[in-house]
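> The following comprises the amino acid sequence and a computationally predicted model.
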Amino acid sequence: MHVGFAPVFQNLGRPLTDLQVYQAELAMARAAEPLGFDSVWSVEHHFTDYTMVPDVTQFLSYMAGCTERVKLGSMVIVLPWHDPVRVAEEVAMLDNLSNGRMILGIGRGLGRVEFDGFRVPMDESRDRFVESATMVLEGLEQGFVEFSGEHFQQPRRDIRPAPYKTFRGRTFAAAVSPESMPVMARLGVGLLVIPQKPWEAVKEDFSVYHQVWADTHGSDSTPPAPMCGGFFFVDESAERAEEMAYKYIGRYYHSVMDHYELRAGHLESTRGYEFYQRMHKHIESRTDNGAAEDFVRLMPFGTPQQVIEKIDYIRNTIGARGVMTHFAYGGMDYDEANRNMQLFAAQVMPELQRLH
């Protein structure tokens with residue numbers, strides 16, 4: 001399996017300065033290549049303590065200069081918040097800077113605070129995403145952008161520096177709702193799974209994706225194997241791992257509910273986000289703490305062997321061939337986060353990398 005590291009850059013409650021968070025997270029990111037990770041990833045978010053990476057390609061360009069081998073992944077660039085021409089240029093530039101090491105991840109976003117901050121109507125996000133993704137992906141293959149749609153009208157312009165190799169097979173899109181599966185299949189991109197629901201339910205969604213992929217690209221065509229994010233807590237003690245997982249991963253999920261306003265109920269009436277009515281009702285029925293506990297149970301925590309077994313289960317259930325690991329989140333002390341990461345690298349990662 002491919003094993004990546006994804007710093008989150010959270011500063012919940014701001015116990016540290018943002019600079020201190022950056023210094024600690026960048027140190028962990030720079031350690032990823034020497035520890036043997038296959039890639040470094042970044043998550044785009046804006047305006048809150050939830051995640052402080054407003055420019056994914058800028059962070060990955062920094063990492064390109066710090067590294068020689070690791071792939072550089074975006075999980076994700078949220079296309080409705082960007083001019084797609086600039087996205088195509090920035091991706092092509094990063095790929096040239098890194099000698100072709102980028103893995104492109106794209107998505108459409110969920111946070112109302114972010115859509116409002118960029119003055120983009122949320123109910124246009126799916127249409128904007130499809131138009132933008134089409135322009136970016138075709139541009140990276142053709143070497144120029146040109147498009148005429150409802151939201152974007154783009155005269156032909158060359159991408160410079162020119163993309164020097166294809167992004168087919170190394171482009172992924174985040175998909176949570178079942179309605180997103182056909183969209184991603186028609187675009188010809190792999191799936192980047194951000195765990196939100198039981199793995200068997202994810203497997204059911206994938207059946208739609210594979211059917212639409214075959215209908216669109218031919219039964220002989222095979223999509224890239226999925227990549228899967230996850231919040232990891234590894235400890236020699238199973239009891240301590242469970243205690244710390246419920247504490248820190250649970251606290252992280254509370255920040256998810258806050259950032260995305262999952263209790264507010266506005267998503268179910270926003271076009272393109274009807275799926276989140278189920279999440280809203282789940283939180284109402286389970287309470288905040290119960291919903292957080294359900295989220296924790298999806299995650300790989302435990303002793304090294306328990307974590308290996310959980311990842312193997314996910315691999316067998318949805319066909320995942322890559323994981324992006326988070327080790328610092330939910331206000332975790334950075335000494336603990338580094339211990340977590342290093343134990344994973346020493347005892348879990350070598351076993352995962354032997355899996356096919």
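Received the coordinates, thanks.

> Going by C-alpha atoms from here, please, whenever you check contacts or count neighbours.
Noted.

> Have a look at this structure and report its longest helix.
Criterion DSSP state H: the longest helix present in the chain is helix 276-297.

> Burial check on the residue lying closest to Arg30 once chain neighbours are set aside, number of neighbours?
Nearest residue to Arg30, sequence neighbours excluded (C-alpha to C-alpha, 6 or more residues apart in numbering): Cys66, at 6.8 Å. The number of residues packed near Cys66 is 14, by other C-alpha atoms under 10 Å.

> Do a quick rundown of the strands in the stretch 201-350 of the chain.
Assigned by DSSP state E, counting those that start in this stretch, the strands in the stretch 201-350 of the chain fall at 227-231, 233-234, 301-302, 322-326.

> Let me fix that, I meant to ask about the stretch 1-150 of the chain.
All strands of the stretch 1-150 of the chain, identified by DSSP E, counting those that start in this stretch, fall at 2-5, 39-42, 71-74, 77-78, 102-107, 144-148.

> partners of the fourth one in the sheet?
The one in question is strand 77-78. strand 102-107 (parallel) (DSSP bridges).

> Let me see the mean pLDDT of the strand it pairs with.
Mean pLDDT, strand 102-107: 98.

> quick one: it to chain centroid distance?
9 Å (C-alpha atoms, centre = their mean, to the nearest Å).

> circling back: could I get the strands of the stretch 201-350 of the chain as a markdown table with distance to Tyr273 and mean pLDDT?
Listed next are the strands of the stretch 201-350 of the chain as a markdown table, based on distance: least, C-alpha to C-alpha, whole Å; pLDDT from 0 to 100:
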| stretch | distance to Tyr273 | mean pLDDT |
| --- | --- | --- |
| strand 227-231 | 21 | 95 |
| strand 233-234 | 31 | 98 |
| strand 301-302 | 30 | 98 |
| strand 322-326 | 25 | 97 |
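
> in stretch 54-66, what's buried?
Using 16 or more other C-alpha atoms under 10 Å as the test for burial, stretch 54-66 gives 56-57, 59-61, 63-64.

> quick one: which of those residues is nearest Glu138?
Proximity of those to Glu138 (C-alpha to C-alpha) peaks at Thr57, which lies at 19.1 Å.

> That closest one is in contact with Glu90, isn't it?
Yes: with contact defined as C-alpha atoms under 8 Å, Thr57 reaches Glu90; the gap is 6.8 Å.

> ranges for the helices of this structure?
Using DSSP H, the helices assigned to the chain run over residues 18-35, 56-66, 84-97, 112-117, 125-142, 180-187, 199-217, 238-244, 250-259, 276-297, 304-318, 334-343, 349-353.

> Out of those helices, which is closest to Gly4?
By C-alpha to C-alpha (comparing all of these), the closest turns out to be helix 18-35, at 8.3 Å.

> residues in contact with that closest one?
5-11, 39-40, 63, 66-67, 69-70, 334, 338, 342, 345 (C-alpha atoms under 8 Å, 6 or more residues apart in numbering).

> Mind listing what's buried along that helix?
Within helix 18-35, the residues that count as buried by 16+ other C-alpha under 10 Å are 21-22, 24-26, 28-29, 31-33.

> circling back: now the helices of the chain in a markdown table, with mean pLDDT?
Formatted as a markdown table, the helices of the chain follow (pLDDT from 0 to 100):
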| stretch | mean pLDDT |
| --- | --- |
| helix 18-35 | 98 |
| helix 56-66 | 98 |
| helix 84-97 | 98 |
| helix 112-117 | 97 |
| helix 125-142 | 97 |
| helix 180-187 | 94 |
| helix 199-217 | 92 |
| helix 238-244 | 98 |
| helix 250-259 | 96 |
| helix 276-297 | 91 |
| helix 304-318 | 96 |
| helix 334-343 | 98 |
| helix 349-353 | 97 |
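
> any chance of those in CSV, with distance to Ile106 too?
Converted to CSV, those look like this (distance: least, C-alpha to C-alpha, whole Å):
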stretch, distance to Ile106
helix 18-35, 21
helix 56-66, 11
helix 84-97, 10
helix 112-117, 16
helix 125-142, 8
helix 180-187, 10
helix 199-217, 17
helix 238-244, 31
helix 250-259, 19
helix 276-297, 20
helix 304-318, 20
helix 334-343, 26
helix 349-353, 25
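
> so who does Val189 touch?
Val189 makes contact with 168-169, 171-173, 223-224, according to C-alpha under 8 Å, 6+ apart.

> Write the PyMOL selection for whichever of the residues you listed are buried.
Remark: buried members of those, expressed as a PyMOL selection using 16+ other C-alpha under 10 Å:
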select buried, resi 168+171+172+173+223+224
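
> of all the contacts of Val189, which comes closest to Gly250?
Using C-alpha to C-alpha, Ala173 comes nearest to Gly250 of those, at 25.4 Å.

> Need the contact partners of stretch 221-237.
Residues contacting stretch 221-237 (C-alpha under 8 Å, 6+ apart): 169-170, 188-195, 210, 213-214, 241, 244-245, 249, 299-304, 307, 318-327, 340-341, 343-344.

> Buried residues of it, list them for me.
223-235.

> would you turn these into CSV with distance to Ile159?
CSV is the format used below for the buried residues of stretch 221-237 (distance: C-alpha to C-alpha, whole Å):
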residue, distance to Ile159
Pro223, 26
Pro224, 25
Ala225, 28
Pro226, 28
Met227, 28
Cys228, 30
Gly229, 31
Gly230, 34
Phe231, 36
Phe232, 39
Phe233, 42
Val234, 44
Asp235, 47
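
> And those residues, which is closest to Val130?
Pro223 (18.3 Å).

> Which pLDDT value goes with the closest one?
94.
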